[in-house]
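Q: below are the sequence and a predicted model for it; my questions follow.
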Amino acid sequence: MRWISLILLFFASLIIYADKQVIGFAAEPLMKEFNLNGSEWGIVGSSFFILFIITSFIGGTWSDRIGTTKMILFVLLGVSIIQFGAFAIVGLPMLILYRVLLGAFEGPFIPSGFNHISRIFPIESRGLAVSIFIAGASMGGVICSPILVALIERFGWQWTFVSLGFVSMLLLVTWALVNRFSRTGQNVTVNQVKKLKWSDIAPVLRNPACLLTIILSAISYWLVIWTALWGPVYLTKVIKLTPMQMAYALSGTGIAALVLIFLISALSDRLYRKTKSFRVSRVWVAAISTMIGGISLGTIPFVGNSFVWVFIALCIAKGSTYISVTMAVQVMIQLMPERAGFMSSILTLGNNTSQLVAPVITGIIVQSAGANLALGFNYSIFLMSGLFLVISTLYLLFVKPDNDKEASVSDTVVG
């Protein structure tokens, strides 16, 4: 039953990502229709995360008590309702409100999904399971990019948003039916836990493994939001691709990232089975992969408008840096395994903060270059590359979740 649940989570992740990503594909018609500049478009992108940050933390933590199945049902229902209201968007204020509400309902999904997986998969196979769940987002780009672009060009962005609402509703019904007729029902995803106290939380938050893991995962999401919101603009305006070429290019990078994520996750799980060491199997893998991704991304400004190399570099960068999210989930949950929802929520809080700040900073950087759009995008790429290299180095040097002092944090809380 756990694999059926994982497959459904995969498709839910795919649709949730498509809901978030569609705004990037609709960037040109929306900016033209509502006469938006770069800074205003950056605000549209960041507005998604205003309530998303709050609901992801509250909803993810609450999933420890009410069960992940119910929480995911709530998410899918809310997303469907919001997408059905696309025709109410008549200007910038309504566009921002739409994104705020969409983010509010999507917030609990990721931590609840991580929590669900931690309950039904053992540690030695959790790396691959988490990667499959996260891969839904990559596949959302692969499968949905050309479809969404085609729908926007043929029917307009409003009908495209509404169509995503219908897909979310279909998935909602499927998730409800599968869990309704499963033998285990809600029991496997509901965990009886005591009320959180600051004395329990403080030692975990002071743990260097916790802080650096959150930061590493957060900067990986900087590239996620850059690809979703600014990637289409970069590929069409700087690299000079047509909308459909851009869609296929993003799909190609998504496929490559997916392959890398699966391969690296399998390697990580194998290392854990051999060494039983989180530092070797999770920390080393995440840090080294992120370094490779940062170097690859940093080469893009030096190749001009060479689409071939930009494509290759993005493939390597996306796959090599996204894997840190998979590793981060496992390190965080290991610090307090009996509160997987809470620890996933803290991690997601860092990721969401990054996604809130990144579009605004990127918009300011791109606009600061004036008419030289390519230069502005190059500055934004250098910033991401530098963050990857610096944080991954610190992560490799200082995160040691297996040593006695850090491991005792979880033992103390359990006791």
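A: That came in fine, so what should we check first?

Q: make it CA atoms for all contacts and neighbour counts henceforth
A: Will do.

Q: element containing residue 363, please.
A: helix 340-368 (DSSP states H and E).

Q: now that helix: average pLDDT?
A: What helix 340-368 shows for mean pLDDT is 85.

Q: mind giving me the packing neighbours of it?
A: The helices and strands touching helix 340-368, judged by 3 or more Cα pairs under 8 Å, 6 or more residues apart in numbering; DSSP states H and E, are helix 38-47, helix 49-66, helix 109-120, helix 208-225, helix 307-335, helix 373-398.

Q: where does this protein dip in pLDDT?
A: Applying pLDDT under 70 to the chain flags residues 138, 140-142, 181-196, 198-199, 403-415.

Q: which residues touch residue 74?
A: residue 105 (Cα atoms under 8 Å, 6 or more residues apart in numbering).

Q: centre of the chain to the one helix or strand it maps to, how far?
A: According to DSSP H and E, residue 74 maps onto helix 68-84. Mean C-alpha position of helix 68-84 versus that of the full chain (Cα atoms, centre = their mean, to the nearest Å) differs by 18 Å.

Q: now it - C-alpha only, PDB.
A: Extracted as PDB, the C-alpha positions of helix 68-84 are listed here (Å, rounded to 0.1, in the frame of the first residue of the first chain):
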ATOM      1  CA  THR A  68      -1.300  13.400   6.500                       C
ATOM      2  CA  THR A  69      -4.100  11.800   4.500                       C
ATOM      3  CA  LYS A  70      -6.600  14.400   5.700                       C
ATOM      4  CA  MET A  71      -4.200  17.300   5.300                       C
ATOM      5  CA  ILE A  72      -3.400  16.400   1.700                       C
ATOM      6  CA  LEU A  73      -7.100  16.100   1.000                       C
ATOM      7  CA  PHE A  74      -7.500  19.600   2.300                       C
ATOM      8  CA  VAL A  75      -4.700  20.900   0.100                       C
ATOM      9  CA  LEU A  76      -6.100  19.400  -3.100                       C
ATOM     10  CA  LEU A  77      -9.600  20.800  -2.400                       C
ATOM     11  CA  GLY A  78      -8.400  24.300  -1.700                       C
ATOM     12  CA  VAL A  79      -6.200  24.400  -4.800                       C
ATOM     13  CA  SER A  80      -9.100  23.200  -7.000                       C
ATOM     14  CA  ILE A  81     -11.400  26.000  -5.700                       C
ATOM     15  CA  ILE A  82      -8.800  28.700  -6.200                       C
ATOM     16  CA  GLN A  83      -8.000  27.700  -9.800                       C
ATOM     17  CA  PHE A  84     -11.700  27.700 -10.700                       C
END
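
Q: in TSV: the helices and strands packed on helix 340-368, plus mean neighbour count.
A: As requested, the helices and strands packed on helix 340-368 are exported to TSV (neighbours: other Cα atoms under 10 Å):
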stretch	mean neighbour count
helix 38-47	22
helix 49-66	23
helix 109-120	25
helix 208-225	23
helix 307-335	24
helix 373-398	19
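
Q: any chance of CSV for those helices, columns distance to residue 249?
A: Formatted as CSV, the helices and strands packed on helix 340-368 follow (distance: least, Cα to Cα, whole Å):
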stretch, distance to residue 249
helix 38-47, 21
helix 49-66, 26
helix 109-120, 26
helix 208-225, 15
helix 307-335, 7
helix 373-398, 18
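
Q: of all these, which one is nearest residue 241?
A: helix 307-335 (8.8 Å; Cα to Cα).

Q: now do that closest one: which elements does it pack against?
A: For helix 307-335, the packing partners by 3+ Cα pairs under 8 Å, 6+ apart come out as helix 123-155, helix 208-225, helix 243-275, helix 285-298, helix 340-368, helix 404-414.
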